[in-house]
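Enquirer: Structure of the sequence below:
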Amino acid sequence: REIQQQPKADTYKIPMPVLMDFLGDKSNYERLKSTLRSLNAVQVEWNEVNSGGTQWTVSSLLSQAKIIRSPSQNIVEVSLPPDISRGVRELEQFSELNLIMARELKNQSALNLYRIAVAYETNPSKLTFRKPPEEWDMYLRVKPQGHGAAFEYKYFKRDTLLPAIEEVNRLTHLNLELIEHKEGRVVVEIQFRIEPKTVEVLPLLLGDAAKEAIKLAEAELRALGLKATEAISIVT
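Expert: Numbering: from 1, shown residues only. Just a heads-up that it's a prediction; the model follows:
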């Protein structure tokens, strides 16, 4: 998010307090370093198919990260691999998430599902794309399935899919409904129906007068041009 707001560059400078505040601990310098180490160690891979053939790519998430401390300012300087940089900066490829809610998701599969759901939230049909369960497994799984391991939908549903849905529904502004498309008794494709929560169903332990004030505040924020996700976060 910070990188998107800056001009395109080889390296990006972010004030250190911004990132430490997002991590929830403004004084834990070691946690910031640990987080940057983790991001530097993360590998991402993807396949692209076009008229010219196929392409497989693997990349680290960060090329390099520095913490520069001086009497005048403390900054974090990061550089991104070329394809990662392009994906982050091209907004049509990089959905702007509600970062407050995304931070609450502890399960990587839930975060991956939330990313997809947010991208389709404004779809008039309120539906995501339809894909075979095996492909959804690749989208959501934290680690690739072991070579030679047979895919079984019932285990994927039990161990990955349902826990991710439960976490997204419990912790974010969205409710997801699993839709299974079958041929006979076999599930051949799945997709999700997306419904944004209203203020009334958010866990707000407030009286009726406060809830009515919150509804009015949300309406005013939406009228100013904020997205539903932003407005609900602010009033919550």
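Enquirer: how about the helices in the protein?
Expert: 16-22, 29-41, 82-89, 99-104, 108-120, 133-140, 153-156, 162-171, 208-223, 228-235 (DSSP state H).
Enquirer: out of these, nearest to residue 56?
Expert: Closest to residue 56 of the helices of the chain is helix 82-89 (CB to CB; 11.9 Å). (Glycine included, C-beta is placed from N, CA and C.)
Enquirer: What ranges in the protein fall below the confidence cut-off?
Expert: Along the chain, segments meeting pLDDT under 70 span 25-26, 49-51, 90-103, 142-148, 198-211, 228-229, 233, 236.
Enquirer: Nearest residue to the middle of it?
Expert: The chain has residue 115 as the residue nearest its centroid, 3.7 Å off, counting by CA atoms, centre = their mean.
Enquirer: mind checking how far the residue lying farthest from the centre of the chain is from residue 20?
Expert: In the chain, the residue that sits farthest from the middle, by CA atoms, centre = their mean, is residue 71; the gap is 35.3 Å. Look at residue 71 and residue 20: by CB to CB, to the nearest Å, they are 18 Å apart.
Enquirer: And residue 11, by the same measure?
Expert: In terms of CB to CB, residue 11 sits 19 Å off from residue 20.
Enquirer: Which of these two has more residues huddled nearby?
Expert: Shown here are residue 11 and residue 20; by other CB atoms under 10 Å, residue 20 has more neighbours (19 against 12).
Enquirer: Assess the claim that that one and residue 28 are in contact.
Expert: Yes. Between residue 20 and residue 28 a contact is recorded at 7.1 Å, counting by CB atoms under 8 Å.
Enquirer: can you tell me which residues contact residue 175?
Expert: The contact partners of residue 175, by CB atoms under 8 Å, 6 or more residues apart in numbering, come to 169, 194, 195, 196, 197.
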